[in-house]
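Peer 1: give me the fold of what follows.
(chains A, B, C and D)
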2 protein chains.
Amino acid sequence: MAGTRRTQGILGGRSDDVVERVLEAALAEVARAGYAGFRIADVATQANVHKTTIYRRWPDRAALVGAVVDRMRQPIEQTPLPDTGALETDLLEAFSRRATFGRKREGQAWAMLLAERHSEEVSALIGHTVFARRDAWHAMIERAADRGEIPRDTDGPRVLHLIRALVDAQPGDAAWLGVAVRTVLAGVRAGTVLRETGPAAR
Amino acid sequence: MAGTRRTQGILGGRSDDVVERVLEAALAEVARAGYAGFRIADVATQANVHKTTIYRRWPDRAALVGAVVDRMRQPIEQTPLPDTGALETDLLEAFSRRATFGRKREGQAWAMLLAERHSEEVSALIGHTVFARRDAWHAMIERAADRGEIPRDTDGPRVLHLIRALVDAQPGDAAWLGVAVRTVLAGVRAGTVLRETGPAAR
DNA sequence: ACAAGAAGGCAACTCCCCGTCGCCATCTTG
DNA sequence: CAAGATGGCGACGGGGAGTTGCCTTCTTGT
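Peer 2: Numbering: from 1, shown residues only, chains lettered A, B, ... in the order given. Sure thing, here's the model as predicted:
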């Protein structure tokens, strides 16, 4: 039963190579064409691998792009969120990391996927990234409330949602990020983003 | 030369009917499947018209969806922007009109297209809608500045851009719209959205 | 009322991409 | 070094986008 051991486990030698090349090419392909324009056949060509080989390891496009996303996510999720002592700088730092992590390719690929995040498939793929660390983000807001920077009953998740919506509208634009963060914070301080407020949160 | 007159001009009778039914079905199709999932063959079926007939009048998907968009746009663009005497209510009114104009179908179709607006093709189709009336919108901001509601050197286009980005992130959600408008206005009043400010607009 | 000609119905066809299959070649490992 | 895992290869079924040629039906001026 020689050669049986690697069926699904850690791969070595040739297989490792193939996986590496395919993932590399797939990342480039996402950066180039996003999810909708993603052609498995093109990835195969770029990776010098046959189309079938890809399908054997990743059942379909979603699985392959999913693998690419997983790989991009690691470096970012393993760094703790900033704690600079001021909410504004925390947010600026955290979001700018998110925007420009890794080498250029990753950032670009990420921007492409963000642009398509309204598609069911894409949002299923990238939905986790901020969401997974919800507690850490929420703690960031809590700290600011404890310091008295913002009202006690500020709606933390909504604050993040506002900033994220703004940032994602213009990913990778540092000036825009600054305006977005400062503008939302002005609103937060003015109490426009409170929990459970009636119809109008004047 | 009977029957020659209507080649491209105003159509009557049968043709009118066909155009109407096709556009109606196409609107429903956009509302159902957005642009990416838009199948001309399905439109044909829904409209009780042959696929070929559609292709004869509209060269491709973009043209057909474009026609649908044009049609949705008219009712909205022919109403002047509100002038209630306060920027907040002006914005609330203007954006909520945009979100829920016409019958339900139009609003839904619009939301679908918004969701896909990052695709080149889609943004080319819907890009105008707010942009076309840039001057009117800008005047709305100017009036507020004249009344002293916001700083004189507020960056009007950017204010609109901020609100639009926020609103479009959650189209059709009235509560969200309220928070978005009030939050951005708080920032504007605090001077976070000024023209030509240096690196940081504290 | 009617003939000319515009508009619509229909089916077959070309492209192009997705994902699958069967068969054969090559690499890895006990 | 042989067994068996892995990859290469080409063909195929499926489905949607547009196109084309031909025929049927409707509209309109006279």
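
Peer 1: what's the end-to-end length of stretch A:31-47?
Peer 2: For stretch A:31-47, the first-to-last residue distance is 15 Å (Cα to Cα, to the nearest Å).

Peer 1: touching DNA strand D at all, it?
Peer 2: No. Judged by Cβ under 7 Å from any atom of the strand, stretch A:31-47 makes no contact with DNA strand D; its nearest approach is 7.6 Å. Any C-beta I mention is one placed from the backbone N, CA and C, and that applies to glycine too.

Peer 1: give me the buried positions along that stretch.
Peer 2: Buried residues in stretch A:31-47, counted by 16 or more other Cβ atoms under 10 Å in any protein chain shown: A:31-32, A:34-36, A:38, A:40, A:42-44, A:46-47.

Peer 1: one more: stretch A:137-153?
Peer 2: Quick answer for stretch A:137-153 (16+ other Cβ under 10 Å): A:137, A:140-141, A:144-145, A:149-151.

Peer 1: who does the helix or strand containing A:A136 touch, helix- and strand-wise?
Peer 2: Secondary structure from DSSP states H and E places A:A136 in helix A:134-146. Judged by 3 or more Cβ pairs under 8 Å, 6 or more residues apart in numbering or on different chains; DSSP states H and E, the packing partners of helix A:134-146 are helix A:87-100, helix A:156-168.

Peer 1: please enumerate the strands of chain A.
Peer 2: For chain A, no strands turn up when DSSP state E is the criterion.

Peer 1: get me the contact residues on it for chain B.
Peer 2: A:36, A:115-116, A:118-119, A:158, A:162, A:165-166, A:168-170, A:178-180, A:182-190, A:192-193, A:200-202 (Cβ under 8 Å from any Cβ of the partner chain).

Peer 1: circling back: lowest mean pLDDT across the helices and strands packed on helix A:134-146, which one is that?
Peer 2: Sorting the helices and strands packed on helix A:134-146 by mean pLDDT places helix A:87-100 lowest, at a mean of 90.

Peer 1: next, the buried residues of that helix.
Peer 2: A:87-88, A:90-92, A:94-96, A:98-99.

Peer 1: closest one of those residues to DNA strand D?
Peer 2: A:R98 (32.9 Å; Cβ to the nearest atom of the strand).

Peer 1: please report how far that closest one lies from A:P82.
Peer 2: Noted for A:R98: a distance of 11 Å to A:P82, by Cβ to Cβ, to the nearest Å.

Peer 1: what do you get for A:M140?
Peer 2: Counting by Cβ to Cβ, the gap from A:M140 to A:P82 is 8 Å.

Peer 1: need the residues touching each of the two.
Peer 2: A:90, A:94 (Cβ atoms under 8 Å, 6 or more residues apart in numbering or on different chains).

Peer 1: the longest helix seen in chain A packs against which elements?
Peer 2: In chain A, taking DSSP state H as the definition, the longest helix is helix A:14-33. Judged by 3+ Cβ pairs under 8 Å, 6+ apart, the packing partners of helix A:14-33 are helix A:40-47, helix A:51-57, helix A:61-77, helix A:104-115.

Peer 1: so who does the residue nearest the centre of chain A touch?
Peer 2: Note on chain A: the residue nearest the mean C-alpha position is A:T129, at 4.5 Å, using Cα atoms, centre = their mean. Residues in contact with A:T129 (Cβ under 8 Å, 6+ apart) are A:69, A:73, A:76-77, A:98.

Peer 1: how about the residues you listed in CSV, adding distance to A:V18?
Peer 2: Converted to CSV, the contacts of A:T129 look like this (distance: Cβ to Cβ, whole Å):
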residue, distance to A:V18
A:V69, 19
A:R73, 22
A:I76, 26
A:E77, 26
A:R98, 31
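
Peer 1: tell me the one of those residues nearest B:I54?
Peer 2: A:V69 (37.8 Å; Cβ to Cβ).

Peer 1: can you pull the contacts of the closest one?
Peer 2: Shown in contact with A:V69 (Cβ under 8 Å, 6+ apart): A:113, A:125-126, A:129.

Peer 1: tell me where the model's unsure across chain A.
Peer 2: A:1-14, A:102-103, A:130, A:197-202 (pLDDT under 70).

Peer 1: wouldn't A:R73 be in contact with A:H128 here?
Peer 2: Yes. Contact between A:R73 and A:H128 holds when scored by Cβ atoms under 8 Å: they sit 7.4 Å apart.
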